[in-house]
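S.K.: the following block contains a protein sequence and its predicted model.
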Amino acid sequence: MASFEYRQAQEIRDVFAHHQVRYLFIGKSGLILLGFPDTTQDADLFVEKSEANGAAIVHGLRELGFALTDDEAAEIIRGKDFVQLKNGPFDLDLIFAPDGIEHFEDAWKKRVVVEQFPVCHPDDIIASKAAANRVKDRESLPRLLEFRTYWHSKNIGKQES
Amino acid sequence: MCDLASYDSGNLMSDTMQSSPIEISAQSLAEFEAAARRPLAVRMRYAFIKTYKPILDDVTYRSFNTMKEYRKWCNDNLPGWLGYNSPEPDSDG
C-alpha cells in the first residue's frame, strides 16, 4: 500500500461531492490540510451518521476503488462508530462519533475549507485528540496547542464561503 | 512553549478549551512558517508516510459499534509502542 497522496485527497473531495457525502477531514490528516507540519499514515474522515449519508459514502467508496462486501456496506449504512478501511487504493478511517465532538452538525458549522477540502476546525480536532487521550495524542498535544495559537494568529485556511 | 512534562491530560484539555494562546517556541514557529510557505500538495507529499503497523494492518476491514469498543480493542491487541493505548474507559483515573 502506497502513501496517501494529494491526488487521492482530491479524488475523495470530488467523488464525495458528486455523491453529496457529508464529511470532514479530521485527525492529523485534517491538521495537515490546515498547515500543521507533521507526518501521519492515513486519512481520517468524520462522517455524518445517517442512513442517507451512509449510502452515499458506500457509493463514493466503491467509485474510489474500495472493495466493500455487501455486509461491510450495510455496516457503513447503519453507521458504526468507527470503521477502518484497508481494502482500497489508500487506507481510510471513517469516524462516525469522534471523541470530544458531540454532533456532526456542530462541527460542520465550524468547518474550515481549504482548497475545497472540508476540514474540522482545529479547535475541534485538538479537543478530540485531547479527549481520546491515547499515548500518541498526549505526545503530540503540546505542539498541537502551539499550532492552534499560530493558526488563529494567521488564520491559515480561512473559510472560503 | 507548552512542556509535556508539566501537563496531565486534564490540564491539556483545559488548555485546549481555553482561548488564551499558548506561547510558541522559536523552533515550532520556524516550522509552522516554513510549512505555510509550501503549497498544500507539497505539504501532503512529505506528511503522509506508510509503514507497516503490526496487527492494525493485518486485515482489510475492521469496524466497531462504539469508540469505547475500539479503544478497548487497541488496548487489548496492539503493542504499546504504536501509541494507540489509552486509559481504560471505565477506570477511575
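M.R.: Looks like it arrived, so ask away.
S.K.: from now on I want contacts and neighbour counts done on CA atoms only, so please keep to that.
M.R.: Fine.
S.K.: below-threshold pLDDT in chain A: ranges please.
M.R.: A:1, A:156-161 (pLDDT under 70).
S.K.: longest helix of it, counting residues only.
M.R.: helix A:135-154 (DSSP state H).
S.K.: what's the neighbour count on residue A:129?
M.R.: Neighbour count of residue A:129, defined by other Cα atoms under 10 Å in any protein chain shown: 25.
S.K.: and residue A:31, by the same measure?
M.R.: Residues near residue A:31, counting by other Cα under 10 Å: 22.
S.K.: counting neighbours, what do you get for the closest residue to it other than its chain neighbours?
M.R.: Counting by Cα to Cα, 6 or more residues apart in numbering or on different chains, residue A:122 is the residue found nearest to residue A:31 once chain neighbours are left out, at 6.7 Å. Number of residues near residue A:122 (other Cα under 10 Å) recorded here: 24.
S.K.: ok, now residue B:78?
M.R.: 17.
S.K.: ok, now residue B:48?
M.R.: Residue B:48 - counted by other Cα under 10 Å - has 21 other residues nearby.
S.K.: isn't there a strand covering residue A:24?
M.R.: Yes: assessed with DSSP: H, G, I helix; E, B strand; the rest coil, residue A:24 lies in a strand.
S.K.: that one contacts residue A:119, correct?
M.R.: Yes: using Cα atoms under 8 Å, residue A:24 makes contact with residue A:119 at a distance of 4.9 Å.
S.K.: neighbour count: these two, which is higher?
M.R.: Between residue A:24 and residue A:119, residue A:119 has the larger neighbour count (other Cα under 10 Å), namely 29 against 25.
S.K.: the residue nearest to residue A:31 touches residue A:148, doesn't it?
M.R.: Yes: between residue A:122 and residue A:148 there is a contact at 6.6 Å, judged by Cα under 8 Å.
S.K.: just to revisit the earlier point, tell me the helices and strands packed up against the longest helix of chain A.
M.R.: helix A:122-132, helix B:9-17, helix B:26-37 (3 or more Cα pairs under 8 Å, 6 or more residues apart in numbering or on different chains; DSSP states H and E).
S.K.: could you export that helix as PDB, CA atoms only?
M.R.: In PDB, the C-alpha atoms belonging to helix A:135-154 read as follows (Å, rounded to 0.1, in the frame of the first residue of the first chain):
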ATOM      1  CA  VAL A 135      -0.300   7.900  24.200                       C
ATOM      2  CA  LYS A 136       0.400   9.300  20.800                       C
ATOM      3  CA  ASP A 137      -2.200  12.100  21.300                       C
ATOM      4  CA  ARG A 138      -0.700  13.100  24.600                       C
ATOM      5  CA  GLU A 139       2.800  13.300  23.000                       C
ATOM      6  CA  SER A 140       1.600  15.500  20.200                       C
ATOM      7  CA  LEU A 141      -0.800  17.800  22.100                       C
ATOM      8  CA  PRO A 142       1.800  20.400  23.300                       C
ATOM      9  CA  ARG A 143       2.900  21.000  19.700                       C
ATOM     10  CA  LEU A 144      -0.700  21.000  18.500                       C
ATOM     11  CA  LEU A 145      -1.600  23.700  21.000                       C
ATOM     12  CA  GLU A 146       1.300  25.800  19.700                       C
ATOM     13  CA  PHE A 147      -0.100  25.300  16.200                       C
ATOM     14  CA  ARG A 148      -3.500  26.200  17.400                       C
ATOM     15  CA  THR A 149      -2.200  29.600  18.600                       C
ATOM     16  CA  TYR A 150      -0.300  30.000  15.300                       C
ATOM     17  CA  TRP A 151      -3.300  29.100  13.200                       C
ATOM     18  CA  HIS A 152      -5.500  31.600  15.000                       C
ATOM     19  CA  SER A 153      -2.900  34.300  14.600                       C
ATOM     20  CA  LYS A 154      -2.500  33.700  10.900                       C
END
